[in-house]
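> The sequence and its predicted three-dimensional model are supplied below.
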Amino acid sequence: MAVNKCVKYLLFFFNLLFWLSGCLILAVSIYLRVSKGGNQITNQYFPAVNLMIAIGTIIMVLGFLGCCGAYRESRCMLLLFFIFLLIIFILLVAAGIAGAVSQNKMEDWVNKQLKDMLPLANQPDTVKSDLKNLQKDFKCCGLVNGKTDWSPDPFPESCRCNVTKSPTPVPGAECDSEGYYSMPCSTRIVNLMKENMVIVLGIAFGIAVLLIFGLAFSMALYCQISKKDGPTTNA
């Protein structure tokens, strides 16, 4: 029985697209990791970048495995490809559900972690410098309680509303009566994490759809090769 060439080449081009998607995810993730500037305060709250690097690498490897399996009509490689796709699909669904459920607990967790950094006067200069840069970018002041987090040190100039000029205004960047940003940076970090969570969940959903097609194509080709070779023929 001849192998359906349409299914074979569909799976091959699907895996080529899958491999290119992995390259793109890996490249964008590495760029985001390099361009983050090494801020010690925010790095620990954005593990999604590291997760996307791992996902991009795995997708590249699986795409290459699937391309080789489809081209060589290897049952062993196709079966491994199917099993790995199924495992990743289950993990993506589980991670998506966990991420959606844990969004409500995100704010409490971030606030607890940031409170452990208080008082700021006891933090090293590198952490203070990172926070000042964060205040400039996010139009916020202090970690959890506002400008009073800097006490007994003097309030930095980055807390003042008229210091940083940004071409794109930040919503909610209100000033108090003394001209300091009234919103603590914890609120900005939580909002940014929620925005990133939506993006990550969207990417995960798109990958899950691709995985479903990959599972169907790989199993269809595997079954056709099995019928052609017979039950006793090695892959």
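Received the coordinates, thanks.
> excluding its backbone neighbours, what's nearest Trp150?
Spatial nearest neighbour of Trp150, excluding adjacent residues (Cβ to Cβ, 6 or more residues apart in numbering): Leu120 at 5.5 Å. C-betas here are computed from N, CA, C, even on glycine.
> and what of Phe12?
Closest to Phe12 by Cβ to Cβ, 6+ apart is Ala70, at 4.2 Å.
> For the one you found, I want the exact helix or strand it lies within.
Ala70 is part of helix 48-72 when elements are defined by DSSP states H and E.
> which is the next helix or strand following that helix?
Per DSSP H and E, the first helix or strand lying C-terminal to helix 48-72 is helix 75-101.
> That next one vs helix 48-72, what angle?
Helix 75-101 and helix 48-72 are oriented at 160 degrees to each other (axes from the mean of the first three to the mean of the last three Cα atoms, to 10 degrees).
> all strands in this structure, in order from the N-terminus.
Taking DSSP state E as the criterion, the chain carries no strands.
> Check which helices and strands the longest helix belonging to the chain is in contact with.
Determined from DSSP state H, the single longest helix within the chain is helix 185-229. Packing partners of helix 185-229 (3 or more Cβ pairs under 8 Å, 6 or more residues apart in numbering; DSSP states H and E): helix 5-35, helix 48-72, helix 75-101, helix 103-115, helix 125-138.
> mind putting those in CSV, distance to Ile189 and mean pLDDT included?
As requested, the helices and strands packed on helix 185-229 are exported to CSV (distance: least, Cβ to Cβ, whole Å; pLDDT from 0 to 100):
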stretch, distance to Ile189, mean pLDDT
helix 5-35, 16, 77
helix 48-72, 13, 78
helix 75-101, 17, 79
helix 103-115, 6, 75
helix 125-138, 8, 84
